[in-house]
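Asker: Sequence first, predicted model second:
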Amino acid sequence: MIFFRSARGRVMLALACLLLVGPAPSLAAGAFAIGKCGAYGQAYDYTAEDAARAAALKQCKGDCTTVTMKRACAALSIDMTNPCGAYGYAVKPRISNSLNQATRKCYEFGGRECVVRARACDAKG
């Protein structure tokens, strides 16, 4: 067993270990899948956007489209008076902005009682 008495020796050992192991994968990819009548799927903290997109689509029922988020937050808002009608979604750096924008879009598309159905943040979003 090797003991390092100096701080410099311990730092050198730590750096050597990092070089051998390598950095941890960055978990900063996410996706929302959005379908008809309030259907959705979500995935976050994936290493790749393709994997996040596939996981979100797997959860969504029917014909769904995806939006991706990378170190951001996403929200989906639907009209509760007609879940098959108006909806809105947004991807923004902060959760509060994505919630507000998704709800605003739902009203812009004709919603009467728009509420947030789903929300998620990925990594540092």
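Answerer: Looks like it came in fine.

Asker: what about the strands in this structure?
Answerer: 29-34, 40-46, 65-69, 73-79, 87-92, 114-121 (DSSP state E).

Asker: what's the neighbour count on residue 89?
Answerer: 22 (other Cβ atoms under 10 Å). C-beta coordinates here come from the backbone N, C-alpha and C atoms, glycine included.

Asker: who are the neighbours in contact with it?
Answerer: 32, 34, 67, 74, 75, 76, 77, 102, 105 (Cβ atoms under 8 Å, 6 or more residues apart in numbering).

Asker: quick one: which of these is most hemmed in?
Answerer: residue 32 (30 neighbours).

Asker: I'd say residue 106 and residue 88 touch.
Answerer: Yes: Residue 106 is in contact with residue 88 according to Cβ atoms under 8 Å; the separation is 3.7 Å.

Asker: Neighbour count: these two, which is higher?
Answerer: Between residue 106 and residue 88, counted using other Cβ under 10 Å, residue 106 has the larger neighbour count: 27 against 22.

Asker: If you drop the residues flanking it in sequence, what lies closest to residue 99?
Answerer: Spatial nearest neighbour of residue 99, excluding adjacent residues (Cβ to Cβ, 6 or more residues apart in numbering): residue 75 at 4.8 Å.

Asker: Quick one: the strands of the chain as a markdown table, columns for mean pLDDT and distance to residue 59 too.
Answerer: As requested, those are arranged in a markdown table below (pLDDT from 0 to 100; distance: least, Cβ to Cβ, whole Å):
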| stretch | mean pLDDT | distance to residue 59 |
| --- | --- | --- |
| strand 29-34 | 91 | 7 |
| strand 40-46 | 91 | 3 |
| strand 65-69 | 91 | 11 |
| strand 73-79 | 95 | 12 |
| strand 87-92 | 95 | 15 |
| strand 114-121 | 93 | 10 |
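
Asker: Make a markdown table out of those strands and add distance to residue 52.
Answerer: Formatted as a markdown table, the strands of the chain follow (distance: least, Cβ to Cβ, whole Å):
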| stretch | distance to residue 52 |
| --- | --- |
| strand 29-34 | 4 |
| strand 40-46 | 4 |
| strand 65-69 | 7 |
| strand 73-79 | 11 |
| strand 87-92 | 12 |
| strand 114-121 | 10 |
